[in-house]
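1. Next comes the sequence, and after it the predicted model I'd like to discuss.
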Amino acid sequence: MRFNNKVALVTGAGSGMGKSIALFLAKEGADIIVNDINSELANATADDINNIGQQGLSVTADISSEDEVQSMVEKSIVVFGRIDFLINNAGISDQFVPTIEQKADYWQRVIDIHLRGCFLCSKEVGKHMIEKRYGKIVNISSVVGIGGSPMRNAYGPAKAGIIMLTKTLAVEWASYNINVNSVSPGYILTPLIEKGIELGIIDDKVIIRRTPMGRLGRPEEISEAVAFLLSDAASYVNGCNLPVDGGWTSFGSYGDAFNIP
Ligand code: NAP
């Protein structure tokens, strides 16, 4: 029980990795503020957390809205008095549209949810962490924020921005005993990816061949990495971006990465 008496805010915790992270931390003793834009999904995760025996507080908010983020954090502070951990996870996919066909409004929406959302939540929660002189923030970036991917003209820059925001906050807030790190998942089997496969915009067979470990990741594998960065074991880790990607970002050769003879 590494996280007894800790309070964690997980954004986008109604589904996929956010839900997995929220339940993982609760099983290790944390109370969880469950954010999602979808209240039904957020409520369901909060119920699961209450069933584990920890307190789950469901707070519906669009993390790209400054007013909604401020209300979410205010409500959380009223209930718990503090927020020890922030996991900036909520996000949407992009449409894999050639850049010259990309609509500026859609591009902006992707940037707003990922980068502005991460900034707003960090800013509002950071105020309380600075006051308490304690906090740990983990931002969910992506391998797409590390290497260029054709047609991911909004998602890639947003995720790259999250890596730099992580480093910026890490060095700005280190003297307040706040650690800020990011995790960059490879392709993880969540509803987001399942939908992409169904729609034919993601080819899982090609991804598997391009992944040195020859498989998609599991949400729990991301939760483990997040939990490590939140734990005392990572007390001197600050401003790092940890790829959890089955070797995806290390592969620099030609052709398939898996089953190379
Ligand atoms: P997911 O299953 O779709 O879960 C994301 C959750 O965030 C959904 O419930 C979604 O609601 C919610 N959300 C979307 N916009 C929001 C907003 N403005 N405010 C609050 N909540 C919002 O996706 P996932 O695969 O777990 O992805 C989680 C994070 O990991 C994302 O940041 C994603 O970019 C990143 N990531 C995923 C992968 C992967 O392979 N799965 C790889 C690298 C990085 P709706 O369903 O209503 O949109």
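-> Looks like it came in fine.
2. what ranges do the strands span in this protein?
-> 7-10, 31-36, 56-60, 85-88, 135-140, 178-185, 241-244 (DSSP state E).
3. any chance of those in a markdown table, plus mean pLDDT and distance to the ligand?
-> All C-beta spots, glycine's among them, are computed from the backbone N, C-alpha and C. Shown next, in a markdown table, are the strands of the chain (pLDDT from 0 to 100; distance: least, Cβ to the nearest ligand atom, whole Å):
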| stretch | mean pLDDT | distance to the ligand |
| --- | --- | --- |
| strand 7-10 | 98 | 10 |
| strand 31-36 | 98 | 5 |
| strand 56-60 | 98 | 8 |
| strand 85-88 | 99 | 8 |
| strand 135-140 | 98 | 4 |
| strand 178-185 | 98 | 4 |
| strand 241-244 | 98 | 9 |
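4. Give me the residue ranges of this protein where confidence is low.
-> Low-confidence segments of the chain (pLDDT under 70): 260-261.
5. quick revisit: looking at the strands of the chain, which is closest to Phe96?
-> Nearest to Phe96 among these is strand 178-185 (17.9 Å), distances taken as Cβ to Cβ.
6. For the closest one, which strands pair with it and how are they oriented?
-> Strand pairing for strand 178-185, determined by DSSP bridges: strand 135-140 (parallel), strand 241-244 (parallel).
7. quick one: which of those strands is nearest Ala61?
-> Closest approach to Ala61 among those (Cβ to Cβ): strand 135-140, 17.0 Å.
8. Which residues does the closest one contact?
-> With contact meaning Cβ atoms under 8 Å, 6 or more residues apart in numbering, strand 135-140 is reached by 17, 83-89, 91, 118, 122, 125-126, 128-129, 162-163, 165-166, 169, 173, 176-183, 185, 222, 226, 229-230.
9. who's the nearest residue to Leu242 once chain neighbours are set aside bridged to?
-> Among residues not flanking Leu242 along the chain, Val183 sits closest, at 5.1 Å (Cβ to Cβ, 6 or more residues apart in numbering). Beta-bridge pairing of Val183 under DSSP bridges involves Ile140, Leu242.
10. how deep is Val183 tucked in, by neighbour count?
-> 26 (other Cβ atoms under 10 Å).
11. if I pick Leu23, what's in contact with it?
-> Counted by Cβ under 8 Å, 6+ apart, Leu23 has contacts Thr45, Asp48, Ile49, Ile52, Ser223.
12. what's the closest of these to the ligand?
-> Proximity of the contacts of Leu23 to the ligand (Cβ to the nearest ligand atom) peaks at Thr45, which lies at 9.2 Å.
13. Deepest-packed of the strands paired with strand 178-185, please.
-> Mean neighbour counts were compared across the strands paired with strand 178-185 using mean count of other Cβ atoms under 10 Å; the top stretch is strand 135-140, at a mean of 26.
14. Centre of the chain to it, how far?
-> 9 Å (Cα atoms, centre = their mean, to the nearest Å).
15. can you check stretch 154-171 too?
-> Taking Cα atoms, centre = their mean, the mean C-alpha location of stretch 154-171 is offset from the chain mean by 12 Å.
16. List of residues touching that stretch?
-> By Cβ under 8 Å, 6+ apart, the residues outside stretch 154-171 that reach it are 88, 93-94, 102, 106-107, 110-111, 113-115, 118-119, 122, 126, 137, 139-142, 144-146, 148-149, 178-182, 184, 238-239, 241.
17. do that stretch and the ligand meet at all?
-> No. Using Cβ under 6 Å from any ligand atom, stretch 154-171 never reaches the ligand; the gap is at least 7.0 Å.
18. Kind regards, and thank you for your time.
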